[in-house]
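Q: structure here, sequence nowhere to be found:
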């Protein structure tokens with residue numbers, strides 16, 4: 001496994017390996033990879049034929065800053081190097097992605113990667129990923145492209161005749177930098193999201209929060225969009241999520257894990273707000289009382305079709321909206337297996353991984369697993 005030092009994700013997979021009676025995985029950290037890339041080649045040479053899992057580089061502030069610095073250097077941007085972000089601050093995401101994508105591109109092509117580096121680079125660029133899925137025939141919310149500013153957002157909406165969109169950070173994750181934006185014909189507007197707008201020392205900054213917020217002041221919305229747009233942001237049509245029956249108006253979407261192209265663990269994420277990410281305190285539930293058998297079959301078919309767009313990646317998390325026999329894929333996440341205690345056929349995502357071999361199974365092998 002390649003991941004940040006002290007990664008809890010690595011610890012959970014190690015625990016699953018132990019519980020299955022398998023030897024512990026060898027771990028190589030991104031920090032060493034950045035400083036001494038030749039050492040990875042030496043480590044891989046000692047483990048021919050091993051599966052190599054690339055873990056999320058998140059939850060590691062020093063690593064994040066190192067990737068930002070690498071991306072900034074590659075960009076040739078003028079001025080001083082970016083300063084380290086404060087805890088939770090959303091800044092310099094375009095440089096972070098450039099640095100991480102460069103690390104992925106430099107990895108050797110020989111190993112049996114759980115998820116291919118090129119696929120992870122694609123899925124970490126949310127706009128590119130959605131365009132890739134759409135080109136593969138997967139239904140996604142209509143895309144209106146990159147925006148450069150709040151004024152550009154307004155102009156795009158006028159041209160499209162659309163009044164409700166999601167503004168999404170191109171290189172964000174876990175709902176960071178996502179705004180649900182709506183405007184009325186009389187000029188009123190509102191935005192919902194977990195982004196927190198803060199003024200410090202005479203300048204405006206944006207932070208990722210664990211609480212969803214509502215913004216209805218024009219100046220605040222414009223500042224938020226401008227701060228996100230400079231780091232890379234795009235807009236897509238706001239597809240309303242279905243309502244949870246018998247609830248107080250809560251809505252839901254679905255996270256499904258695909259393993260070797262087949263849908264496995266799945267969960268509905270319910271929220272009274274626009275964002276359903278579980279780390280925001282939203283509840284999760286099973287799908288049985290939300291979707292009938294025909295809709296679940298459609299969900300599984302859509303997931304398999306989306307997974308087929310990444311034939312070199314074995315475990316992917318997909319977020320979907322399902323309405324009867326219609327569905328839209330909202331996101332593909334190459335690090336989407338962090339769903340503790342969620343089981344399918346008795347196994348968690350990490351227990352599934354602990355049983356993998358380098359050779360892919362036949363398509364129907366998981367049908368009774």
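A: Arrived safely, thanks for sending. What you see is a predicted model; the values in this text were computed from it and never measured.
Q: residue 42 belongs to a helix?
A: Yes - assessed by DSSP: H, G, I helix; E, B strand; the rest coil, residue 42 belongs to a helix.
Q: list of residues touching the one helix or strand residue 297 maps to?
A: Per DSSP states H and E: residue 297 is located in helix 293-308. With contacts defined as CB atoms under 8 Å, 6 or more residues apart in numbering, helix 293-308 is touched by 133, 136-139, 254, 256, 258, 261-263, 266, 287, 291, 313, 316, 318, 320, 322, 324-325, 327, 329, 332. C-beta: built from backbone N, CA, C; applies to glycine.
Q: can you list the buried residues in it?
A: For helix 293-308, burial by neighbour count (16 or more other CB atoms under 10 Å) applies to 295, 296, 298, 299, 300, 302, 303, 304, 305, 306, 307.
Q: and these as CSV, adding pLDDT and distance to residue 44?
A: Listed next are the buried residues of helix 293-308 as CSV, based on pLDDT from 0 to 100; distance: CB to CB, whole Å:
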residue, pLDDT, distance to residue 44
295, 95, 44
296, 95, 40
298, 95, 41
299, 96, 37
300, 97, 35
302, 97, 36
303, 98, 31
304, 98, 31
305, 98, 33
306, 98, 30
307, 98, 26
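Q: quick one: secondary structure of the residue nearest to residue 268 when sequence neighbours are not counted?
A: Leaving aside its sequence neighbours, residue 268 sits nearest to residue 252 (CB to CB, 6 or more residues apart in numbering; 4.6 Å). The three-state label given to residue 252 by three-state DSSP is strand.
Q: beta partners of residue 252?
A: Bridge pairing for residue 252 (DSSP bridges) gives the partners residue 270.
Q: now for it: which residues touch it?
A: 241, 242, 243, 244, 268, 269, 270, 271, 276, 285, 290.
Q: on that earlier part again, and the helix holding residue 297, how far from the chain's centre?
A: Centroid displacement of helix 293-308 relative to its chain, using CA atoms, centre = their mean, to the nearest Å, is 19 Å.
Q: tell me the strands beside the helix or strand just after that helix, with direction?
A: As assigned by DSSP H and E, the chain's next helix or strand after helix 293-308 is strand 315-323. In the sheet, strand 315-323 lines up against strand 251-259 (antiparallel), strand 326-333 (antiparallel) (DSSP bridges).
Q: now do residue 21 against residue 300, distance only.
A: Distance of residue 21 to residue 300, given as CB to CB, to the nearest Å: 31 Å.
Q: which helices and strands does the helix or strand hosting residue 15 pack with?
A: Per DSSP H and E, residue 15 falls inside helix 8-19. Contact analysis of helix 8-19 by 3 or more CB pairs under 8 Å, 6 or more residues apart in numbering; DSSP states H and E lists helix 349-354 as its packing neighbours.
Q: what's the helix it packs on packed up against?
A: Under the contact criterion of 3+ CB pairs under 8 Å, 6+ apart, helix 349-354 touches helix 8-19, strand 251-259, strand 262-271, strand 315-323.
Q: any chance of JSON lines for these, columns mean pLDDT and distance to residue 211?
A: Below are the helices and strands packed on helix 349-354 laid out as JSON lines (pLDDT from 0 to 100; distance: least, CB to CB, whole Å):
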{"stretch": "helix 8-19", "mean pLDDT": "96", "distance to residue 211": "23"}
{"stretch": "strand 251-259", "mean pLDDT": "96", "distance to residue 211": "18"}
{"stretch": "strand 262-271", "mean pLDDT": "95", "distance to residue 211": "12"}
{"stretch": "strand 315-323", "mean pLDDT": "96", "distance to residue 211": "21"}
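Q: and the ones you listed as JSON lines, adding distance to residue 95?
A: Below are the helices and strands packed on helix 349-354 laid out as JSON lines (distance: least, CB to CB, whole Å):
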{"stretch": "helix 8-19", "distance to residue 95": "24"}
{"stretch": "strand 251-259", "distance to residue 95": "29"}
{"stretch": "strand 262-271", "distance to residue 95": "30"}
{"stretch": "strand 315-323", "distance to residue 95": "25"}
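Q: among these, which is the most enclosed?
A: Sort these by mean neighbour count, taking mean count of other CB atoms under 10 Å, and strand 251-259 sits at the top with a mean of 23.
Q: and the angle from that one to strand 262-271?
A: 160 degrees (axes from the mean of the first three to the mean of the last three CA atoms, to 10 degrees).
Q: returning to that earlier point: got CSV for the strands paired with strand 315-323, with distance to residue 28 too?
A: Below are the strands paired with strand 315-323 laid out as CSV (distance: least, CB to CB, whole Å):
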stretch, distance to residue 28
strand 251-259, 24
strand 326-333, 22
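Q: among these, which comes closest to residue 102?
A: strand 326-333 (20.7 Å; CB to CB).
Q: just want the angle from the closest one to helix 293-308.
A: Going by the same axes, to 10 degrees, strand 326-333 makes 40 degrees with helix 293-308.
Q: can you list contacts of strand 326-333?
A: With CB under 8 Å, 6+ apart, strand 326-333 has contacts from 123, 126, 129-130, 133, 138-141, 173, 239, 253, 298-299, 302, 306, 309-310, 316-321.
Q: any idea whether the residue in the chain sticking out farthest from the centre is helix, strand or coil?
A: Centroid-distance maximum for the chain: residue 186 at 35.0 Å, with CA atoms, centre = their mean. Assigned with three-state DSSP, residue 186 falls in the coil class.
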